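K.L.:
Next comes the sequence, and after it the predicted model I'd like to discuss.
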Amino acid sequence: MTNRELFLQNWNNFLSELRGKLLTTARTQELSLPLANLILSELACYWFSSSDVKGSWLNKYCNTHINEGQCISNILTNDLKFGTKEEAKILSNSTKYLLSIAGAAIGFGLSNYFDASKTIKIIATLTPMLASFPVLNAYQEKQKISNQKRLIDDYISQLKKIETSICSIIKD
């Protein structure tokens, strides 16, 4: 295998590890930019560990191609950071509650308009509210999960320029 192929193999493994770590972290807590950069720097250390495959490859490459290896090491040390990304908006809790209350108000208004009995008014008021809240809650959770995955994809795509830079440096 050529050095470029070995790098790309190690790089793809690195990106897979990073994506997995970001996804597992996002399940347990809010994935902020500093936290994502901390995870990235933690995994980037393996490029400099001779006991890891990535570090072993970089060490061998630095020994055979001193200038290029130093340049790659500098890129992995200094440029391996995530930039800011705007997170997409999700349905706020206040909107979720207001829509449930609006459903109750509409039900109450319709029951009053049709001059329904007291029991029908209660049912017509509570049913839209109780039915809409779980639906809105599930929608909000789906939005949150979708936004986390999109954010992680954006973070991973930011590393494409580093991959391109290193590939352009690697000889043979």
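P.N.:
That came through fine.

K.L.:
what about the residue lying closest to Val53 once chain neighbours are set aside, helix or strand, and which?
P.N.:
Taking CB to CB, 6 or more residues apart in numbering as the measure, Val53 lies nearest to Asn10, with 6.2 Å between them; neighbours along the chain are not counted. Every residue, glycine included, has its C-beta placed from N, CA and C. In this assignment (DSSP states H and E), Asn10 forms part of helix 3-28.

K.L.:
Distance from that helix to the middle of the chain?
P.N.:
The gap between the average C-alpha position of helix 3-28 and the chain average comes to 13 Å, counting by CA atoms, centre = their mean, to the nearest Å.

K.L.:
Run through the neighbouring helices and strands of that helix.
P.N.:
Using 3 or more CB pairs under 8 Å, 6 or more residues apart in numbering; DSSP states H and E as the contact test, the elements touching helix 3-28 are helix 33-44, helix 53-64, helix 118-158, helix 160-169.

K.L.:
What sits closest to the most centrally placed residue in the chain if chain neighbours are left out?
P.N.:
The structure's the chain has its C-alpha centroid closest to Ile152; by CA atoms, centre = their mean the separation is 2.7 Å. The shortest distance from Ile152 to any non-neighbouring residue, by CB to CB, 6+ apart, is to Leu22 (4.8 Å).

K.L.:
Pretty sure that neighbour sits against Leu33.
P.N.:
No: with the criterion set as CB atoms under 8 Å, Leu22 and Leu33 do not qualify as a contacting pair; they are 11.7 Å apart.

K.L.:
Next, the angle helix 160-169 makes with the helix holding Asn10.
P.N.:
Direction vectors for helix 3-28 and helix 160-169, defined by axes from the mean of the first three to the mean of the last three CA atoms, to 10 degrees, enclose an angle of 160 degrees.

K.L.:
Give me the buried positions along helix 3-28.
P.N.:
When neighbours are counted by 16 or more other CB atoms under 10 Å, the buried residues of helix 3-28 are found to be Asn3, Leu6, Phe7, Leu8, Asn10, Trp11, Phe14, Leu18, Lys21, Leu22, Thr25, Ala26.

K.L.:
Many thanks, I have nothing further to ask.
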